[in-house]
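In: Fold the following, please.
(chains A and B)
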Amino acid sequence: PMSHQSNLVSSGPMSAPTGTGSQLAPVTVHNVYIFDKNGTCLYFCEWPSQQQQQQQQQQQQQKEASEHEDRTRLMYGLIYSIRTLAAKLCPVGEIKDATYLAYVTSQYKFHLLDVPTGLKIVLNTDKSAGSMRHQLETIYSKIYVPYVVLNPECNLGDPVSSRLFADSLTEYLLTLQAK
Amino acid sequence: LDMPVYNIMIINNAGALVYTYTDQSRLLTSANELEKTYSYPLEPVIEVQDSRCCVVFGEADGVRIGHCVLAVNGTNVQAGRPTLLENGQEVMSVLANPASYPVSIKFGKLKLTANERINLAGMFHSIYAITAKLSPVAGSSGLQLLETDAYRLHCLQTVTGVKILVITDPKQANVNQVLKRIYEIYADYALKNPFFTMQGMNINFTLFEEAVQSMLRHLDKFGNLTNLAP
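Out: Numbering: from 1, shown residues only, chains lettered A, B, ... in the order given. Next up, the predicted model:
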């Protein structure tokens, strides 16, 4: 794990980077998924907007658990298929290590960072977000690695239950939404 | 203004690929090929994946995971069956035999076969539906733009469910014009053609091809389609 940190771009403190101009604009993050290389969902957190919170309160919340299970399986299936598609369609064949991939729909933007160990970090943001590669790499190297990988209590392959990890991830994502 | 359109695909509402165009001149496959000589035992681990021989472990000297075997000791692999060499031998048996060493292997990226393109189109059709379903916000369309480091894939879904895909360089602008123009060409030269049926038939009409070529030439020359003659 330590050697991966040197491969990825290292940033300073955990605030939004002062890279290209577009990164300083506030980004609304809808949710985050982290999957390991076998497809197990290690972490999921969402920040629904005001409208969605009202809708969810009105709807039944009994089926949340199985629906969440279905959703994560569908999400992993999507990740796997979209990576295969992206690799096969590539016209000039450059195959890289930590690959970043994004797609945009009419309502949201999906970002995926594929780390050399097979871990996949997914971020769903609003449509106008620029490239979140740097932010995803920061999440991996500055939050996931210190709080999960280097944590002797956390077994790799099990869902992350560390509150420290959850809190620092939320804190980092809030800095992206601020400004 | 060398920002090419690499690929155009049209997928009908059932998910079948009905048209594909590949820019043959810009496929930089030869630029990514490399030839290396090895002695027994072979350093990179090569296995058969998707009926072609790929490197799965042991990256070194520019040979990466995902690179496919294009030739062994100067003999190319067969076009339709990349696990066999042109002289009939199996790639994996030649590599497993210590007597073939020292062996020189050419690595690179294999071109997509027609069947693979059809499969990818079907895969895209499903991915489009899933991306719409997995939206964190209600009422989303499917994916309209896929961004990677090497290329961008743009998709226009028409009101009838036909998807028009264009794969371009990441810096290419005005792709919405291109998508719209291809839709116009499809409506004029395919849909209005009395010999065209909707049952997944490939679009194979001269006027259609000519219109697409003319559009691409105009794009090459001017970088946009604003003054395209109808």
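In: So which elements touch the helix ranked longest in chain B?
Out: Using DSSP state H, we find that the single longest helix of chain B is helix B:114-133. Applying 3 or more Cβ pairs under 8 Å, 6 or more residues apart in numbering or on different chains; DSSP states H and E, one finds that helix B:114-133 contacts helix A:64-89, strand B:5-11, strand B:17-22, strand B:152-157, strand B:163-168. Just so you know, the C-beta spots here come from the backbone N, C-alpha and C atoms, and that holds for glycine as well.
In: quick check, whatever helix or strand comes next after the first one touching chain B?
Out: In this case it means helix A:64-89. Remark: after helix A:64-89, the chain's next helix or strand is strand A:99-104, criterion DSSP states H and E. Yes. Applying Cβ under 8 Å from any Cβ of the partner chain, one finds strand A:99-104 in contact with chain B at A:99-104.
In: Can you pick out the most distant pair from those?
Out: A:99 and A:104 (17.4 Å; Cβ to Cβ).
In: Any idea what the residue nearest to the spatial centre of chain A is bridged to?
Out: Centrality entry for chain A: nearest residue to the mean C-alpha point is residue A:122, 3.1 Å, by Cα atoms, centre = their mean. Following DSSP bridges, residue A:122 is listed with bridge partners residue A:33, residue A:112.
In: I'd guessed it sits against residue A:30; true?
Out: No. If you go by Cβ atoms under 8 Å, residue A:122 and residue A:30 don't touch, sitting 10.7 Å apart.
In: now the strands for the chain?
Out: This is for chain A. All strands of chain A, identified by DSSP state E, fall at A:29-35, A:41-46, A:99-104, A:109-114, A:120-125.
In: look at chain B instead
Out: B:5-11, B:17-22, B:34-38, B:45-49, B:52-57, B:68-72, B:75-76, B:103-108, B:145-147, B:152-157, B:163-168.
In: would you turn these into TSV with distance to residue A:37 and mean neighbour count?
Out: Below are the strands of chain B laid out as TSV (distance: least, Cβ to Cβ, whole Å; neighbours: other Cβ atoms under 10 Å in any protein chain shown):
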stretch	distance to residue A:37	mean neighbour count
strand B:5-11	30	23
strand B:17-22	31	20
strand B:34-38	28	13
strand B:45-49	16	14
strand B:52-57	14	18
strand B:68-72	22	21
strand B:75-76	34	14
strand B:103-108	24	19
strand B:145-147	22	19
strand B:152-157	25	20
strand B:163-168	28	22
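In: Please dump those into CSV; it should also carry mean pLDDT and distance to residue B:126 for every row.
Out: Shown next, in CSV, are the strands of chain B (pLDDT from 0 to 100; distance: least, Cβ to Cβ, whole Å):
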stretch, mean pLDDT, distance to residue B:126
strand B:5-11, 91, 11
strand B:17-22, 90, 13
strand B:34-38, 86, 35
strand B:45-49, 84, 21
strand B:52-57, 82, 23
strand B:68-72, 86, 25
strand B:75-76, 84, 34
strand B:103-108, 86, 29
strand B:145-147, 93, 14
strand B:152-157, 94, 13
strand B:163-168, 94, 12
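In: Ok, which of these comes nearest residue B:196?
Out: strand B:17-22 (9.4 Å).
In: thinking again about what came up before, using a markdown table, lay out the strands of chain B together with distance to residue B:203.
Out: Conversion of the strands of chain B to a markdown table gives the following (distance: least, Cβ to Cβ, whole Å):
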| stretch | distance to residue B:203 |
| --- | --- |
| strand B:5-11 | 7 |
| strand B:17-22 | 4 |
| strand B:34-38 | 37 |
| strand B:45-49 | 32 |
| strand B:52-57 | 29 |
| strand B:68-72 | 30 |
| strand B:75-76 | 32 |
| strand B:103-108 | 31 |
| strand B:145-147 | 23 |
| strand B:152-157 | 16 |
| strand B:163-168 | 12 |
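In: got JSON lines for the ones you listed, with distance to chain A too?
Out: Shown next, in JSON lines, are those (distance: least, Cβ to the nearest Cβ, whole Å):
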{"stretch": "strand B:5-11", "distance to chain A": "4"}
{"stretch": "strand B:17-22", "distance to chain A": "8"}
{"stretch": "strand B:34-38", "distance to chain A": "12"}
{"stretch": "strand B:45-49", "distance to chain A": "11"}
{"stretch": "strand B:52-57", "distance to chain A": "10"}
{"stretch": "strand B:68-72", "distance to chain A": "10"}
{"stretch": "strand B:75-76", "distance to chain A": "17"}
{"stretch": "strand B:103-108", "distance to chain A": "7"}
{"stretch": "strand B:145-147", "distance to chain A": "4"}
{"stretch": "strand B:152-157", "distance to chain A": "7"}
{"stretch": "strand B:163-168", "distance to chain A": "6"}
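In: Could you list the domains of chain B?
Out: As given by the TED database, the domain ranges for chain B are B:5-26+B:113-222, B:30-108.
In: and these, which one is worst for confidence?
Out: For the domains of chain B, mean pLDDT drops lowest on domain B:30-108, to a mean of 82.
In: Mind pulling the model confidence for residue A:66?
Out: pLDDT, residue A:66: 81.
In: Next, count neighbours for it.
Out: Burial of residue A:66 is recorded as 9 neighbouring residues (other Cβ atoms under 10 Å in any protein chain shown).
In: Could you measure from it over to residue A:123?
Out: With the distance defined as Cβ to Cβ, to the nearest Å, residue A:66 ends up 24 Å from residue A:123.
In: so where's chain A uncertain?
Out: Along chain A, the parts satisfying pLDDT under 70 run over A:1-24, A:51-52, A:54-63, A:91-98, A:179.
In: Can you give me every residue that contacts residue B:59?
Out: The contact partners of residue B:59, by Cβ atoms under 8 Å, 6 or more residues apart in numbering or on different chains, come to B:44, B:65.
In: could I get the helices and strands packed on helix B:114-133 as TSV with distance to residue B:109?
Out: Compiled in TSV, the helices and strands packed on helix B:114-133 are given as follows (distance: least, Cβ to Cβ, whole Å):
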stretch	distance to residue B:109
helix A:64-89	10
strand B:5-11	13
strand B:17-22	14
strand B:152-157	17
strand B:163-168	15
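In: Can you say which of the ones you listed is nearest to residue A:165?
Out: Once the helices and strands packed on helix B:114-133 are compared by Cβ to Cβ, helix A:64-89 is nearest, at 17.8 Å.
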